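Enquirer: Following is a predicted model, sequence given first.
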Amino acid sequence: MSKINTIPNLIDNKRIIVTLIITLVFFTALYQLRPFVDDEQFMWISIPTYAIVPGILTVYAAVLTIKLFRQKHFQAKGFLFFTFGAAFWFIAEQIWQMYDHIWDGEPFPSEADIFYIAAYPCHILFLVIALRPALKSINKNVWFFAAALSFSFLIPSVLAAYDDMEGEEAFATSIALAYPVMASIQLIPAIVGIMYLAKKPSNLSWMLILFGFIIYNISDTYFLFAELDGSYFDGHPVDLLYVYSFLLLIFAFHHRLKYVDLPDEDPSFFSEKIHFETISKFGIPLT
């Protein structure tokens, strides 16, 4: 990218960040109404939120995927996988809302769980394809650190889920255990990507994507324990965390779409020029 375009892009990045912050504050304020309203009243907030926000994310992902395929960009397949994952998220959220507000009972596993689980492989493939330009330069120490950090989330989650599902049918138990296992696998490439942020912080879209996945994984762990101890309810703080992750991803795709047609724009965040010395100096403390 030429120096002439640098200042306008920085200004545009600031505008996107400010708009994102305002949007996050808006939803945070909206969810603060939960203690003052009952379940039937709050569903007028939760249902539109979980219908509109994941829907917008799916549309953004689909539009960007189409544009990248037209350009024959190497990341097009990765964004296609993300689009499938986002669509699975959207479908799962609508099924969850139906069970929570309209249909009687909340079975486990339900149809929603199938779609939630199906989204994980799609997003894992998306992250791996995004890392592809740097795979040769990522040594085992980077992967070991990311795996160890992810494993620290996995152990308590698996133990808690298995203990809660003891005596249940094998299929239900496998679904319950699949959540923390798949979330842990998804977290590994996201952590590796985060460890590159200090080297190239100007790429706003990838920064938002990676932090969106990190927050989503934290939300998964938070939700699991809230469900296990029976403290979860519609409008629980973990719902807001999920909204945060969706919003970060929406703004990331919005930013990426603004530059997708520019011939001088290099959308590749990861590079073979980044060495582990840089990662160990900046990335590990940041992560």
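Expert: Nice, I can see it. Residues are numbered from 1 along each chain as shown.

Enquirer: which element is Val192 on?
Expert: Remark: Val192 resides in helix 170-194, with elements defined by DSSP states H and E.

Enquirer: and after that helix, which helix or strand comes next?
Expert: helix 204-228.

Enquirer: Now that following helix: average pLDDT?
Expert: Averaging pLDDT along helix 204-228 yields 89.

Enquirer: in what helix or strand does Ala29 lie?
Expert: helix 6-31.

Enquirer: Pull out the buried residues from that helix.
Expert: Residues Asn9, Asn13, Ile16, Leu20, Thr23, Leu24, Phe27, Leu30, Tyr31 are the ones in helix 6-31 that count as buried (16 or more other C-beta atoms under 10 Å). Every C-beta, even on glycine, is put in place using the N, C-alpha and C of the backbone.

Enquirer: and the angle for the longest helix anywhere in the chain with helix 6-31?
Expert: Identified as the longest helix of the chain according to DSSP state H is helix 39-70. Put simply, helix 39-70 runs at 160 degrees to helix 6-31, going by axes from the mean of the first three to the mean of the last three C-alpha atoms, to 10 degrees.

Enquirer: Run through the neighbouring helices and strands of the helix or strand following helix 39-70.
Expert: Per DSSP H and E, the first helix or strand lying C-terminal to helix 39-70 is helix 76-101. With contacts defined as 3 or more C-beta pairs under 8 Å, 6 or more residues apart in numbering; DSSP states H and E, helix 76-101 has these neighbours: helix 39-70, helix 111-131.

Enquirer: how about 10 Å then?
Expert: Helix 76-101 sits against helix 39-70, helix 111-131, helix 237-259, with contacts defined as 3 or more C-beta pairs under 10 Å, 6 or more residues apart in numbering; DSSP states H and E.
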